[in-house]
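Participant: structure, please.
(one chain, ligands or ions: 1)
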Amino acid sequence: MKKGDGSMIYMDNAATTRLHPEVINAMLPYMGKRYANPSGAYTFSADVKNDINNAEAFLAQTIQAKPQEIYITSGGTESDNWAVKIAAEEHRRGHIITTAMEHHAILKSCEAVEKEGFYVTYIRPAENGIVRLTDIQRAVRPDTFLISVMAANNEIGTIQPVAQIGAFARRHRILFHTDAVQAYTNMDIDVNAMQIDMLSTSAHKLNGPKGIGFLYIREGCVKTPFIHGGGQERGMRSGTENTAGIIGFAKAAQTAMANKPVRTQYEMRMRDYMIHRVLTEIPFSRLNGDSRKRLPGNMNFSFQFVDGGTLIVMLDKQGICASAGSACSTGSGMPSHVLKSIGLPDELSFATVRFTINEEITRQEIDYVVNCLKNDIAQLREQSEDYQNFL
Ligand code: PLP
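Facilitator: Numbers count the residues shown, from 1 in each chain. Okay, the predicted model is just below:
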């Protein structure tokens, strides 16, 4: 059974998003006639450099930062690596606090610095997927120099108490980094009000191009370059600028910010409608992560007695794109570390599917997806020995 009109229903926007048509239009000139190297000494280059500066200034504005505090990177992974590794390099020794539910870009960077003699505490969130400030307060040591807690989780969508953590970190003069790759343009971010010192973003999560993002660094917080070379990005991250990417990123951010209130309200309505239908119409189903403090488009369900991977394949045949846990760990055969961190037993982790919608989703499409889910799950349970024994 394919969706009636043969088109697909894409519900994996946390993995990546489609380029917005306005983003493509904005980028095209920089892949064509505006090809100058921004570092050139002539007007042709100066014009392109000027466009880059304007784009970075706009990106800065979206989080209430100064233009000189935005450093373009190749995306979320690089930004996260930079934040952890450079903070460690500048401090030489000491302790980092992070959470067990971070993206692997943070977790693996922390493991890398642990091998160099740094200490890392990985805080487990509460069962609802939200980190408790008291757990962070308890973990602090005299040598703690960095706290890194994501603004919103990529698998279960839970929104973390960033402002409270920021205030606490500032009081203790500890650097505070947040991975805002999923949160950026989906929730309000003000780096001053929230006392954030470093913040990671990635354009491809907001209908921008892949391979581009930024790391915000509060002025004076970190001074060591991450990539050495020709001195681009104010000497901190060298390499000829990805002009089209930067312009596309700023355009994507502009588009996302412009319709944010209407878009996120609509997504939340559609999200809550689907959550309600799933939880009331599919027995033995559960929503992972807090039902209110979650990203507007995120749903993460576990369906007892069902293999999530098999369900994804069935949904695919019905024209529906969803993911089992995070895209990065799909295929690893390991239960999701995020679901583990909230105490979900492995058998439920393997029974988990994530749906992440955008503003293009319709109620009819959600009805179609829920109906497919009901049929597929009933079929899988009929074949499940565990389910039959349970009955
Ligand atoms: N951090 C989070 C929370 C993410 O969701 C992702 C991507 O899924 C990343 C970091 C990595 O970003 P990128 O794909 O731009 O390297």
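Participant: the helices in the stretch 201-350 of the chain, which residues?
Facilitator: Shown for the stretch 201-350 of the chain, the helices assigned by DSSP state H, counting those that start in this stretch span residues 243-258, 260-281, 308-317, 337-341, 346-349.
Participant: out of the ones you listed, nearest to Val181?
Facilitator: helix 243-258 (12.7 Å; C-beta to C-beta). Just so you know, the C-beta spots here come from the backbone N, C-alpha and C atoms, and that holds for glycine as well.
Participant: is the ligand contacted by the closest one?
Facilitator: No: residues of helix 243-258 are not located near the ligand by C-beta under 6 Å from any ligand atom, the shortest gap being 10.9 Å.
Participant: could I get the helices of the stretch 201-350 of the chain in a markdown table, plus columns for distance to Gln379?
Facilitator: Below are those laid out as a markdown table (distance: least, C-beta to C-beta, whole Å):
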| stretch | distance to Gln379 |
| --- | --- |
| helix 243-258 | 38 |
| helix 260-281 | 15 |
| helix 308-317 | 8 |
| helix 337-341 | 24 |
| helix 346-349 | 19 |
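Participant: so what's the residue count around the closest residue to the ligand within the stretch 201-350 of the chain?
Facilitator: Closest to the ligand within the stretch 201-350 of the chain is Ser202: 3.2 Å, counting by C-beta to the nearest ligand atom. Number of residues near Ser202 (other C-beta atoms under 10 Å) recorded here: 28.
Participant: try Gly166
Facilitator: Close neighbours of Gly166, defined as other C-beta under 10 Å, add up to 21.
Participant: residues in contact with the nearest residue in space to it that is not next to it in sequence?
Facilitator: Of all residues not flanking Gly166 in the chain, Gln195 sits nearest, at 3.3 Å (C-beta to C-beta, 6 or more residues apart in numbering). Gln195 sits next to Ala163, Gly166, Ala167, Ala169, Arg170, Phe176 when contact means C-beta atoms under 8 Å, 6 or more residues apart in numbering.
Participant: re earlier: tell me which of the helices of the stretch 201-350 of the chain lies nearest to Ala112.
Facilitator: Nearest of these (C-beta to C-beta): helix 337-341, 16.5 Å.
Participant: that closest one near the ligand anywhere?
Facilitator: No: using C-beta under 6 Å from any ligand atom, helix 337-341 never reaches the ligand; the gap is at least 10.0 Å.
Participant: quick one: residues in contact with that helix.
Facilitator: 99-101, 107, 124-125, 129, 153-156, 288, 302, 325-326, 329, 346, 348-349, 352.
Participant: so among the residues you listed, which ones count as buried?
Facilitator: With burial judged by 16 or more other C-beta atoms under 10 Å, the buried subset of the contacts of helix 337-341 is 99-101, 107, 125, 129, 153-156, 288, 302, 325-326, 329, 348-349, 352.
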